[in-house]
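Undergrad: Sequence below, structure please.
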Amino acid sequence: MELGLLTLGLLAVAALLAGFIDAIAGGGGLITVPALLATGMPPTMALATNKLQSSFGSFSATLYYLRRGLIDWRTMKWAVVCTFIGSMLGTILVQKVDASILQKILPFLLAAFALYFLFSPRVGDQDRQHRLSMLPFALLIGTGIGFYDGFFGPGTGSFFALGFIALAGFSMAKATAHTKLLNFTSNIASLLFFILGGQVVWVAGLSMALGQFIGARIGSKMVVTKGTRIIKPMLVTVSMVMSVHLLWQQYPSWFSWLGLAT
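TA: Modelled structure (predicted):
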């Protein structure tokens, strides 16, 4: 595709905002995927290009958290391996089967997660007793959510954060940092297969990569300095916004009384 300089600049700005949001709470794809589709890209190319640019954002956030000592690489090695394998399998399978059932149930899952983040006493600034050791966690959460990200994608950051908080007993900031590590892992695994399929629009993806990198770095710094004060409200807000957005897409008749049906 041929894209003008103005279009590429607007995509980079959208990616910067998405990278900022992603580094804190996830959900940046709500900004970047529609922006890519607005250029006239086919959906598969938009999703592939989104994986390219979001990989830069998740890498930027992961690197920042790693340098600040918020990521324990040694305990996460199996989670990384399982997430990579899960995402790889999900990306392969999505090209063969219909993912529409996930589109219908995902809004309700995201709404439930938002309520959990809002009201659960386990969400805080301190680590708590874990319910799963890291190897079972890697097999269950890493493989499962990695597979989901490769297969479908929206809300992956919320799912990882919930797993780290509810099952691994991580604090909010620690969960956010480790979520970006696994996000980066699943992005790379999925991106490799999109590249092999020739679906990536490189000029758009690399233009957005710069915005993603900068936005993710700014968001990561806010996580370190603000902690739960900023993460919890953004997780709740982003999860609810994604839920409403997906409900509007899947069940437009529910919004007809507001005059918002498509």
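Undergrad: Quick check: buried residues in stretch 26-44?
TA: Residues of stretch 26-44 classed as buried by neighbour count (16 or more other C-beta atoms under 10 Å): Gly26, Gly27, Gly28, Gly29, Leu30, Ile31, Thr32, Val33, Ala35, Leu36, Thr39, Met41. Where you see a C-beta, it was placed from the backbone N, CA and C, and this is true even at glycine.
Undergrad: what does stretch 147-158 give?
TA: Phe147, Tyr148, Asp149, Gly150, Phe151, Phe152, Gly153, Pro154, Gly155, Thr156, Gly157, Ser158.
Undergrad: distance between it and the chain's centre?
TA: Its chain's C-alpha centre lies 7 Å from the corresponding centre of stretch 147-158 when counted by C-alpha atoms, centre = their mean, to the nearest Å.
Undergrad: Please could you give me each C-alpha atom of stretch 136-143, formatted as CSV?
TA: What follows is stretch 136-143, C-alpha atoms only, in CSV (Å, rounded to 0.1, in the frame of the first residue of the first chain):
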residue,chain,number,x,y,z
PRO,A,136,1.7,-24.4,36.7
PHE,A,137,1.1,-20.7,36.1
ALA,A,138,3.2,-20.8,33.0
LEU,A,139,1.4,-23.8,31.6
LEU,A,140,-2.1,-22.5,32.4
ILE,A,141,-1.8,-18.7,32.0
GLY,A,142,1.1,-18.4,29.6
THR,A,143,0.0,-21.1,27.2
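Undergrad: tell me the pLDDT at Trp78?
TA: pLDDT for Trp78: 96.
Undergrad: after the helix or strand hosting Ala216, next one along is what?
TA: In the assignment (DSSP states H and E), Ala216 maps to helix 202-226. Downstream of helix 202-226, the first helix or strand assigned by DSSP H and E is helix 228-250.
Undergrad: Check which helices and strands that next one sits against.
TA: Applying 3 or more C-beta pairs under 8 Å, 6 or more residues apart in numbering; DSSP states H and E, one finds that helix 228-250 contacts helix 5-24, helix 29-38, helix 100-119, helix 156-166, helix 172-196, helix 202-226.
Undergrad: so where's the stretch 151-262 of the chain uncertain?
TA: 227-228, 254-262 (pLDDT under 70).
Undergrad: ok, back up a step: now for the buried residues of stretch 26-44, which pair is the farthest apart?
TA: Gly26 and Thr39 (23.4 Å; C-beta to C-beta).
Undergrad: buried set for the helix holding Ala216?
TA: Using 16+ other C-beta under 10 Å as the test for burial, helix 202-226 gives 204-209, 211-220, 222-223.
Undergrad: quick one: which of the buried residues of stretch 147-158 is nearest to Phe119?
TA: Ser158 (15.2 Å).
Undergrad: Pull the contacting residues for that closest one.
TA: Going by C-beta atoms under 8 Å, 6 or more residues apart in numbering, Ser158 touches Ala25, Gly26, Gly27, Leu110, Phe113, Leu235, Val238, Ser239, Met242.
Undergrad: where does the second one land in three-state SS?
TA: What that stands for is Gly26. coil (DSSP: H, G, I helix; E, B strand; the rest coil).
Undergrad: Excluding chain neighbours, what is closest to it?
TA: Sequence neighbours aside, Gly157 is the residue nearest to Gly26 in space, at 2.1 Å (criterion: C-beta to C-beta, 6 or more residues apart in numbering).
Undergrad: in the stretch 1-150 of the chain, what spans have low per-residue confidence?
TA: For the stretch 1-150 of the chain (pLDDT under 70), the answer is 1, 95, 97-103, 106, 113, 116-117, 120-129.
Undergrad: so Met242 makes contact with Gly155?
TA: Yes - under the criterion of C-beta atoms under 8 Å, Met242 makes contact with Gly155 at 5.8 Å.
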